[in-house]
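Novice: coordinates only, sequence not included:
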């Protein structure tokens, strides 16, 4: 099995007994005698699980647990799964253990089969959650972080490191989809992702914003010449990949435009830096595409130059409209969804009307043959199905990897039946639905128009 288990108990005989059981299962075991020893140990080590006795002098198991969780939160480490051990006969210790968030509770003296089984379950559950988090954060096509996870990561990098925040856009990519089809377009995007991976360092981070637009953080990079060199390499290698995929007759002017902002010279707040990089990208696009630019380069004060109100009006409008360039419904993170939902509720309370709330939960059927898609992959496909099927005024929240919460506006109960049928028809038309069960629950919310005195 190879799991690394730490056992903490002031009783030497109990410690030896548990150690012998675990070593019989080929587990690596570290034995400690106090809560303080565990806290020191955990500053430099990352075991798979901790077996923690509750009744210990000086610092009991509950106090140790709380202090360990505080340290993990402060250092940004994932919580280590903990199983409490206790010889107490009453159920109070077990209740308190589970209330605090422990993975499990085992009574002493421990039974070999129970101990091993519960350790395996706890470790497997933790690793499954970690895998789901990692998979949910990654764009499946490119292998880069997706927009939601990438924004969190880049926000932290901008706060802590020096470098360059970039936005990269593929020029004329729409022509690839129009001429060669979306399947070939996906191959181009994968090829472009591979080109980027060959030209960045391990500490650099890339994010797919959506479609053919990407962003990234390049640490300790602040020179225009370095950006120009990267731009040249990416363009040159992308053209070679295009010819490899489409043949020597490929004539689409496919290229890359890059806008960048400097960190910390131009700030550390990601929300302020992103518009600067986007403004630099906009100027590249306005200058004929296929170029790169750092915000404020060439000694030009971009802020003082942004004084043509008509141009700035058009610029901001373009940025806002490009934020949701994909057709269909809005796919939002929890914070965005909550903000829009509050606005919608206030709007309908004021003017009246009806919204439909709808939840979908995907799960694997109990008895199925071989699947072409895992549950997570099927959920990704279902999310795209919702986006493509619903209207731009509708909103989607992917609350969990396999759960979708949807708000439909201005739709009657009769029309909703048509909308729902269309969703399921599109879903069942593809092979990804095989072996997947979808549960749903619907609520119609009617708001009466409020009367206000003139």
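Specialist: In hand now; what should we look at? Predicted model only: the values in this text are computed from it and were never measured.

Novice: what residue ranges in the stretch 251-400 of the chain score low on pLDDT?
Specialist: 298-308, 311-312, 315-316, 318-328, 366-373 (pLDDT under 70).

Novice: Can you show me the strands along the stretch 101-250 of the chain?
Specialist: 104-107, 163-171, 205-210, 213-219 (DSSP state E, counting those that start in this stretch).

Novice: you'd agree residue 14 is up against residue 109?
Specialist: Yes. Contact criterion C-beta atoms under 8 Å: residue 14 and residue 109 qualify, at 7.5 Å. Where you see a C-beta, it was placed from the backbone N, CA and C, and this is true even at glycine.

Novice: which of these two has more neighbours?
Specialist: A count of neighbours by other C-beta atoms under 10 Å puts residue 14 above the other of residue 14 and residue 109, at 17 against 11.

Novice: Secondary structure element for the more buried one, which one?
Specialist: In the assignment (DSSP states H and E), residue 14 maps to helix 12-24.

Novice: now the strands of the stretch 101-250 of the chain in a markdown table, with mean neighbour count?
Specialist: Shown next, in a markdown table, are the strands of the stretch 101-250 of the chain (neighbours: other C-beta atoms under 10 Å):
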| stretch | mean neighbour count |
| --- | --- |
| strand 104-107 | 18 |
| strand 163-171 | 23 |
| strand 205-210 | 21 |
| strand 213-219 | 23 |
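
Novice: Export those as JSON lines, with columns for mean pLDDT and distance to residue 247.
Specialist: Below are these laid out as JSON lines (pLDDT from 0 to 100; distance: least, C-beta to C-beta, whole Å):
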{"stretch": "strand 104-107", "mean pLDDT": "93", "distance to residue 247": "59"}
{"stretch": "strand 163-171", "mean pLDDT": "96", "distance to residue 247": "19"}
{"stretch": "strand 205-210", "mean pLDDT": "91", "distance to residue 247": "26"}
{"stretch": "strand 213-219", "mean pLDDT": "95", "distance to residue 247": "26"}
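
Novice: Which among those is found nearest to residue 294?
Specialist: Distance to residue 294, taken as C-beta to C-beta, is lowest for strand 163-171 among those, at 7.5 Å.

Novice: tell me the angle the closest one makes with strand 205-210.
Specialist: Orientation note: strand 163-171 sits at an angle of 40 degrees relative to strand 205-210 (axes from the mean of the first three to the mean of the last three C-alpha atoms, to 10 degrees).

Novice: neighbouring strands for strand 163-171, and are they parallel or not?
Specialist: Using DSSP bridges, the strands paired with strand 163-171 in its sheet are strand 213-219 (antiparallel), strand 255-263 (antiparallel).

Novice: for the stretch 1-150 of the chain, what spans make up the helices?
Specialist: Listed in chain order, the helices of the stretch 1-150 of the chain (DSSP state H, counting those that start in this stretch) span 12-24, 35-42, 61-75, 92-100, 112-137, 147-160.

Novice: Mind listing what's buried along the last one?
Specialist: Yep, that's helix 147-160 we're talking about. By neighbour count on 16 or more other C-beta atoms under 10 Å, the buried set for helix 147-160 is 147, 148, 149, 150, 151, 154, 155, 157, 158.

Novice: got the buried residues for the helix holding residue 14?
Specialist: Applying a neighbour-count criterion of 16+ other C-beta under 10 Å, the buried positions in helix 12-24 are 14, 15, 17, 18, 19, 21, 22.

Novice: which other helices and strands contact it?
Specialist: The contact analysis (3 or more C-beta pairs under 8 Å, 6 or more residues apart in numbering; DSSP states H and E) places helix 12-24 against strand 4-8, strand 28-32, helix 112-137.

Novice: Point out the one among the ones you listed that comes closest to residue 185.
Specialist: Among the helices and strands packed on helix 12-24, the nearest to residue 185 by C-beta to C-beta is helix 112-137 (23.3 Å).

Novice: Show me which residues of that closest one are buried.
Specialist: 115, 116, 118, 119, 122, 123, 126, 136.

Novice: And stretch 377-397, by the same measure?
Specialist: Result for stretch 377-397 [16+ other C-beta under 10 Å]: buried residues 378-387, 389-390, 394-397.

Novice: nearest to residue 353, of these?
Specialist: residue 394 (14.1 Å).

Novice: hang on, that closest one packs against residue 409?
Specialist: Yes. Judged on C-beta under 8 Å, residue 394 makes contact with residue 409 at a distance of 6.5 Å.

Novice: mind listing the helices for the stretch 251-400 of the chain?
Specialist: 270-286, 302-305, 309-322, 334-351, 375-389.

Novice: now the angle between helix 112-137 and the last one, please.
Specialist: When you say that, I think you mean helix 375-389. Angle of helix 375-389 versus helix 112-137, following the same axes, to 10 degrees, is 30 degrees.
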